[in-house]
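Engineer: Sharing a model that was predicted from the sequence below.
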Amino acid sequence: MSSSCSGNPLIMSPTRSFTTTEGHRPTIVHKRSLDILHDPWFNKGTAFTMTERDRLDLRGLLPPNVMSTDQQIDRFMADLKRLQVQARDGPSDPYALAKWRILNRLHDRNETMYYKVLIANIEEYAPIVYTPTVGLVCQNYGGLFRRPRGMYFSAEDRGEMMSMVYNWPADQVDMIVVTDGSRILGLGDLGVQGIGIAIGKLDLYVAAAGINPQRVLPVMIDVGTNNEKLLKDPLYLGLQRHRFEGEEYLAVIDEFMEAVFTRWPHVIVQFEDFQSKWAFKLLQRYRSTYRMFNDDVQGTAGVAIAGLLGAVRAQGRPMIDFPKQKIVVAGAGSAGIGVLNAARKTMARMLGNNESAFESALRQFWVVDANGLITDEREYIDPEARPFARKIKEIHRQGLKEGANLVEVVFASFLCLGNRIPVQASGFLPVEQVKPDVLLGLSAVGGLFSKEVLEALKGSTSTRPAIFAMSNPTKNGMFLVFDWGEAECTPEEAFSIIGDNIIFASGSPFNNVDLGNGHIGHCNQGNNMYLFPGIGLGTLLSGSRIISEGMLQAAAECLAAYMTEEDVAKGIIYPSISSIRDITKEVAAAVIKEAIEEDLAEGYREMDARELQKLNEEEIVEYVKNNMWSPEYPTLVYKQD
């Protein structure tokens with residue numbers, strides 16, 4: 001893997017001073033004895049030394065043998081292998097959920113050990129604490145809830161939120177992930193149970209970005225639910241009323257934002273899984289005044305852009321050729337529109353960043369939603385999608401019409417005899433064929449890329465067409481194909497129908513495909529965890545007042561450049577999840593560098609804005625590394641209140 005986003009290997013000047021490595025400071029505690037053992041933030045279990053046992057009144061409360069962290073991990077892993085079968089709630093309960101239960105129990109009693117296990121096995125456990133398993137966790141959260149983790153702000157708390165935030169014990173919070181539960185993955189409205197997604201995201205902030213787990217806060221804003229099943233469930237934990245709408249809804253979110261930024265002025269808030277109609281509105285409402293971003297809109301877009309730029313590289317072309325790519329997009333929700341806007345801006349920047357560049361970029365997209373191809377002939381178009389509506393005159397020349405289905409759009413070059421459209425009885429108009437380079441799925445509709453659609457993509461003029469089946473698990477597919485999610489198509493289908501020479505990426509993990517003769521069809525997972533931890537960490541360490549478009553663009557381009565030429569030639573456009581901490585370090589450094597260039601950086605702790613500006617690229621990477629928390633047991637110092 002390359003670290004090309006931030007220059008050459010580190011050569012540090014011995015005179016430069018950096019912040020003390022995160023997680024290695026002694027920790028002051030105000031509790032002893034059983035109170036320490038019952039506190040997951042400070043509990044070390046059998047790893048407490050005899051000196052600590054004496055200092056903290058623990059002697060006799062633990063078995064006498066002091067275990068090393070490696071021994072503790074070995075015990076846990078042996079336990080996990082033994083228990084994951086027994087932890088299942090019957091044969092229909094997937095092993096993945098059983099693993100989640102066991103990991104969650106460890107999280108409840110020893111946070112440091114939990115994150116040590118998670119980081120050491122990130123490739124195996126990221127799909128357990130995050131997608132796709134987190135979707136099943138959210139669906140069943142009422143039965144899985146054991147102890148509070150995070151905060152719940154509800155419509156019933158209006159007028160009280162400013163005081164409520166002081167109920168959270170941490171004086172410093174760096175990162176909040178908040179959801180209203182209205183659109184969890186592709187599963188729809190899960191109400192208060194959506195907090196599972198906020199918890200899972202913050203686990204990855206800790207594991208990937210080294211955000212201190214004592215300074216993260218998962219938040220659920222409960223404004224009701226429109227899920228009739230939950231409204232009728234007597235055991236449902238949330239408000240059993242229909243969702244607030246309009247100004248009532250906005251008033252709740254406004255009060256929450258004011259409250260958290262009053263107590264923690266430097267916190268970063270990531271909005272997660274809000275339904276499309278609110279995702280964009282809230283992003284526009286807060287982005288210029290608060291340190292916040294929306295991962296579904298901006299994070300998904302950044303990962304998709306990195307993949308699209310990687311696909312250009314995999315075709316043997318420079319990334320600057322991206323504006324020539326013809327892209328058919330299936331899905332016009334918050335994720336789809338977020339990707340479209342980001343791709344358009346990336347193309348426009350490469351074309352000169354002027355008005356004509358933005359207009360030119362629009363002609364590279366064909367957007368298909370549930371009602372078919374979006375054109376300017378449609379009666380009602382979502383305002384966010386309107387710029388991408390194709391002009392009816394243009395698509396007539398491609399043999400298409402308003403509402404054309406996905407097969408027709410991809411297959412346009414085959415619909416008309418001899419590649420001509422009859423204009424009158426006496427004449428024909430030549431067809432300007434679409435022949436897309438990229439088929440991008442953000443529809444949340446499993447199997448949308450049918451055999452007919454994939455067959456049609458054979459007509460692509462690209463030397464290496466790209467299929468991005470980015471949707472996550474859906475309600476209908478969760479239990480049938482739970483382990484691998486519910487994408488628009490599987491890699492086996494794509495490679496077998498179109499051929500070996502394609503690029504394949506998905507939102508959920510798939511196994512690589514054996515193509516025979518020693519060839520492998522690589523299945524790239526376009527996972528948001530490649531970017532959002534680095535965006536959050538970079539924003540935190542830069543002290544930027546806002547999260548700008550340039551910072552997000554820098555993150556995406558860093559990820560796109562991370563892969564070596566050799567890997568890209570094989571069709572590998574995303575790195576291994578096992579490298580996530582290194583990827584996050586590079587992405588965070590790129591975000592900091594951009595914040596400095598845009599004069600947004602105000603510094604962090606001992607590193608003020610002036611000192612930050614003096615750092616070169618290698619020193620920025622070292623600064624990031626030194627501020628990433630690692631799961632090592634701190635020295636505990638007792639102090640009476």
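Structural biologist: Now that the structure is in, tell me what you want to look at.

Engineer: drop to CA atoms for contacts and neighbour counts, all remaining ones
Structural biologist: Will do.

Engineer: Okay, strands next: where are they in the stretch 451-600 of the chain?
Structural biologist: For the stretch 451-600 of the chain, the strands defined by DSSP state E, counting those that start in this stretch occupy 466-469, 503-506, 513-516, 519-521, 523-525.

Engineer: Same list (the ones you listed) but as JSON lines, adding distance to Leu136, mean pLDDT and mean neighbour count.
Structural biologist: As requested, the strands of the stretch 451-600 of the chain are exported to JSON lines (distance: least, Cα to Cα, whole Å; pLDDT from 0 to 100; neighbours: other Cα atoms under 10 Å):
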{"stretch": "strand 466-469", "distance to Leu136": "20", "mean pLDDT": "95", "mean neighbour count": "28"}
{"stretch": "strand 503-506", "distance to Leu136": "19", "mean pLDDT": "95", "mean neighbour count": "29"}
{"stretch": "strand 513-516", "distance to Leu136": "26", "mean pLDDT": "93", "mean neighbour count": "13"}
{"stretch": "strand 519-521", "distance to Leu136": "29", "mean pLDDT": "93", "mean neighbour count": "16"}
{"stretch": "strand 523-525", "distance to Leu136": "19", "mean pLDDT": "93", "mean neighbour count": "25"}
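
Engineer: so can I have CSV of those showing distance to Glu247?
Structural biologist: Shown next, in CSV, are those (distance: least, Cα to Cα, whole Å):
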stretch, distance to Glu247
strand 466-469, 36
strand 503-506, 37
strand 513-516, 50
strand 519-521, 50
strand 523-525, 39
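
Engineer: Of all these, which one comes closest to Leu204?
Structural biologist: strand 523-525 (15.9 Å; Cα to Cα).

Engineer: What lies in contact with that closest one?
Structural biologist: 491, 504-513, 572-574 (Cα atoms under 8 Å, 6 or more residues apart in numbering).

Engineer: Which of these ranks first by neighbour count?
Structural biologist: For the contacts of strand 523-525, the largest number of neighbours (other Cα atoms under 10 Å) sits with Ile573, at 33 neighbours.

Engineer: Run a quick neighbour tally on the closest residue to that residue other than its chain neighbours.
Structural biologist: Leaving aside its sequence neighbours, Ile573 sits nearest to Gly310 (Cα to Cα, 6 or more residues apart in numbering; 5.1 Å). Residues lying near Gly310 (other Cα under 10 Å) number 30.

Engineer: any idea which element Gly310 lies in?
Structural biologist: Take DSSP states H and E as the rule and Gly310 turns out to sit in helix 300-314.

Engineer: Just list the residues touching Lys31, thanks.
Structural biologist: Tyr638, Lys639, Gln640.

Engineer: The residues you listed in strands, which ones?
Structural biologist: Among the contacts of Lys31, the ones falling in strands (DSSP state E) are Tyr638.

Engineer: Would you mind putting the contacts of Lys31 into CSV with distance to Leu97 alongside?
Structural biologist: Formatted as CSV, these follow (distance: Cα to Cα, whole Å):
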residue, distance to Leu97
Tyr638, 38
Lys639, 40
Gln640, 41
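
Engineer: in which helix or strand would I find Trp100?
Structural biologist: Under the assignment here (DSSP H and E), Trp100 is part of helix 95-109.

Engineer: so what secondary structure elements neighbour that helix?
Structural biologist: helix 69-86, helix 111-120, helix 122-129, helix 133-139 (3 or more Cα pairs under 8 Å, 6 or more residues apart in numbering; DSSP states H and E).

Engineer: still on that earlier bit, pLDDT, distance to Asp376 and neighbour count added to the contacts of Lys31, as CSV?
Structural biologist: Formatted as CSV, those follow (pLDDT from 0 to 100; distance: Cα to Cα, whole Å; neighbours: other Cα atoms under 10 Å):
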residue, pLDDT, distance to Asp376, neighbour count
Tyr638, 86, 68, 15
Lys639, 86, 68, 10
Gln640, 85, 69, 8
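
Engineer: what's the burial count for Ile221?
Structural biologist: 21.

Engineer: how far does the helix or strand hosting it sit from the chain's center?
Structural biologist: Assigned by DSSP H and E, Ile221 falls within strand 216-222. Strand 216-222 has its C-alpha centroid displaced from the chain centroid by 17 Å (Cα atoms, centre = their mean, to the nearest Å).

Engineer: Past that strand, which element shows up next along the chain?
Structural biologist: helix 228-231.

Engineer: what does that following helix rub up against?
Structural biologist: Residues outside helix 228-231 that contact it (Cα under 8 Å, 6+ apart): Leu190, Gly191, Thr225, Tyr236, Gln240, Arg241.

Engineer: Quick check: closest non-adjacent residue to the first one.
Structural biologist: Counting by Cα to Cα, 6+ apart, the nearest residue to Leu190 once its immediate chain neighbours are dropped is Gly181, at 5.4 Å.

Engineer: And the helix or strand where Lys281 lies, what's buried?
Structural biologist: Using DSSP H and E, Lys281 sits within helix 276-286. Going by neighbour count (16 or more other Cα atoms under 10 Å), the buried part of helix 276-286 is Ser276, Trp278, Ala279, Phe280, Leu282, Leu283.

Engineer: likewise stretch 156-164?
Structural biologist: Met161, Met162, Met164.

Engineer: Same question for stretch 626-635.
Structural biologist: In stretch 626-635, counting by 16+ other Cα under 10 Å, buried: Asn626, Asn627, Met628, Trp629, Ser630, Pro631, Tyr633.

Engineer: can I assume the fifth one is in contact with Gly210?
Structural biologist: Yes. Taking Cα atoms under 8 Å as the definition, Ser630 is a contact partner of Gly210 at 6.2 Å.
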